[in-house]
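Participant: coordinates for the following, if possible.
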Amino acid sequence: MTETIQKKNRDVSLDVAKGVLIFLVVWGHSIQFGFGYGYGEAGKYWYDYIYRAIYTFHMPLFMAISGYLFYYSNKKPFKEVMISRLKSIGIPYLTYCTITVLLFAPLMRMGGAESFIIDTYANGYWFLTSVLLNCFIVSLITVLSKNKWIITTLLLLINFSFFFVDDNYLYYTHNYMFTCFIVGYLYNLHLQKPMSFNKTHKKMTVLILIAYLICVFLFEKEMFIYWGGVHLIRNGEFSFHQLGIDTLRCLIGIVASSCFMCLIPYHKYLNDKVRGYIIMLSHYSIGIYCLSNIILTIYYKSLGNLGIEIPFNYITPAILAIVVVIISCVILRFCEKRKLLNLLFLGGR
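Facilitator: Presented below is the predicted three-dimensional model:
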């Protein structure tokens, strides 16, 4: 299967990038949930430098790559594009939300269960709802106009307006992810160049890596999108402080993403089999994202129920992430070979 994936007409570097990124997603979640309730509920992970390093760019770059690739899909008619997205993303989203509800809602009190069910189906796996929302908006704009400068202007105006929508009305991650998505889309629309570097640039890589390490130290708690939000109106007034947070967050994301993409060409030095496994993670990225959340939630709740607290260390989250990814891949490989399960868990890929 990994050989088949590599033969697809796509920039392999992007597949490698997505494979590494989805592992970083699981690693970040493993840091958050890997040590037990004491560590997780106290929010100590906010101050972990590996956690910071991952969260400076992993989801934003993943969304930018999604936008970049959507440029090709969006050449089809609007109806065909949206049906395809609803099948490949919407169906798995409903599947994983239903599994989440069936597993965890019965453990809650009645009032809490109802709220949990609504929240799960509304935005349980927010990255997928963001992708669907972004695809819909961009595809609709390109129906209204085929002129790339009009498309660019309209998308930038919509993006700008999102920063004035209250975080409670338009979930703050959607605001930020739309910015990342259109960056990738507009990059391809105007430049039509590979998003990844075709060769290594050692001096540039070193300089960007140094800049990235500085960014990790600058990435304070309020820079996390979950904590700081994006809404520029605070207490009825324009917030220059929030503008600074949003701007610095974006700049750090650009530097961190550039550093990551500078390193991607080095995949040519990997063993073909290792590269194939990384590309397989890219192929299963939606399923890994959702299944890993379910597995880690079960793990986290089990630690809490047993009263187990694991002392902080850097090894546990890394091992946990590897184990969770392997379990997810085994499940998804099983589902891939069966037509109905393939549709439900992988969107018929």
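Participant: contacts, neighbours, all on C-alpha from now
Facilitator: OK.
Participant: how about low-confidence regions in the chain?
Facilitator: Within the chain, the stretches with pLDDT under 70 are 1-11, 110-111, 167-172, 195-201.
Participant: residue closest to the middle of it?
Facilitator: The geometric centre of the chain, computed from its C-alpha atoms, lies nearest to M59 (C-alpha atoms, centre = their mean), at 3.4 Å.
Participant: that one in helix, strand or coil?
Facilitator: Following DSSP: H, G, I helix; E, B strand; the rest coil, the label given to M59 is helix.
Participant: and the strands in the stretch 201-349 of the chain?
Facilitator: For the stretch 201-349 of the chain, strands defined by DSSP state E, counting those that start in this stretch occupy the ranges 233-234, 237-238.
Participant: quick check: which of those strands is buried the most?
Facilitator: Mean neighbours per residue, mean count of other C-alpha atoms under 10 Å, is largest over the strands of the stretch 201-349 of the chain for strand 233-234, with a mean of 15.
Participant: how far away from the center of its chain is that one?
Facilitator: Relative to its parent chain, strand 233-234 has a centroid offset of 27 Å by C-alpha atoms, centre = their mean, to the nearest Å.
Participant: just to revisit the earlier point, could you dump the strands of the stretch 201-349 of the chain to TSV with distance to Y93?
Facilitator: Compiled in TSV, the strands of the stretch 201-349 of the chain are given as follows (distance: least, C-alpha to C-alpha, whole Å):
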stretch	distance to Y93
strand 233-234	32
strand 237-238	36
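Participant: quick one: closest of those to G36.
Facilitator: Smallest distance to G36 across these (C-alpha to C-alpha): 34.5 Å, for strand 233-234.
Participant: work out the sheet partners of the closest one and label each with its direction, please.
Facilitator: Its sheet considered, strand 233-234 pairs with strand 237-238 (antiparallel) by DSSP bridges.
Participant: so how far is the strand it pairs with off the chain centroid?
Facilitator: Centroid displacement of strand 237-238 relative to its chain, using C-alpha atoms, centre = their mean, is 30 Å.
Participant: I'd say I278 and G19 touch.
Facilitator: Yes: in this structure, I278 sits in contact with G19. The criterion is C-alpha atoms under 8 Å, and the distance is 5.0 Å.
Participant: centre of the chain to the helix or strand encompassing S130, how far?
Facilitator: Under the assignment given by DSSP states H and E, the secondary-structure element containing S130 is helix 126-144. Using C-alpha atoms, centre = their mean, the distance from the centre of helix 126-144 to the centre of the chain it belongs to is 15 Å.
Participant: same question, stretch 278-287
Facilitator: Using C-alpha atoms, centre = their mean, the offset of stretch 278-287 from its chain centre is 12 Å.
Participant: could I have the CA atoms of that stretch written out in PDB?
Facilitator: Included here for stretch 278-287 are C-alpha records, laid out as PDB according to Å, rounded to 0.1, in the frame of the first residue of the first chain:
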ATOM      1  CA  ILE A 278       5.500   8.100   7.000                       C
ATOM      2  CA  ILE A 279       3.500   8.600   3.800                       C
ATOM      3  CA  MET A 280       1.000   6.000   5.200                       C
ATOM      4  CA  LEU A 281       0.400   8.200   8.200                       C
ATOM      5  CA  SER A 282      -0.500  11.000   5.700                       C
ATOM      6  CA  HIS A 283      -2.900   8.700   4.000                       C
ATOM      7  CA  TYR A 284      -4.600   7.800   7.300                       C
ATOM      8  CA  SER A 285      -4.300  11.400   8.800                       C
ATOM      9  CA  ILE A 286      -8.000  12.000   9.300                       C
ATOM     10  CA  GLY A 287      -8.500   8.600  11.000                       C
END
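Participant: for that stretch, buried residues please.
Facilitator: Of the residues in stretch 278-287, I278, I279, M280, L281, S282, H283, Y284, S285, I286, G287 count as buried by neighbour count, 16 or more other C-alpha atoms under 10 Å.
Participant: now swap in stretch 314-323 and tell me
Facilitator: If you call a residue buried by 16+ other C-alpha under 10 Å, then stretch 314-323 has these buried ones: P317, A318, L320, A321.
Participant: ok, the first one touching V25?
Facilitator: I take that to be P317. No: when contacts are counted by C-alpha under 8 Å, P317 is not listed as touching V25 (11.7 Å).
Participant: how many neighbours does L94 have?
Facilitator: 18 (other C-alpha atoms under 10 Å).
Participant: can you check F178 too?
Facilitator: F178 sits with 26 neighbouring residues when counted by other C-alpha under 10 Å.
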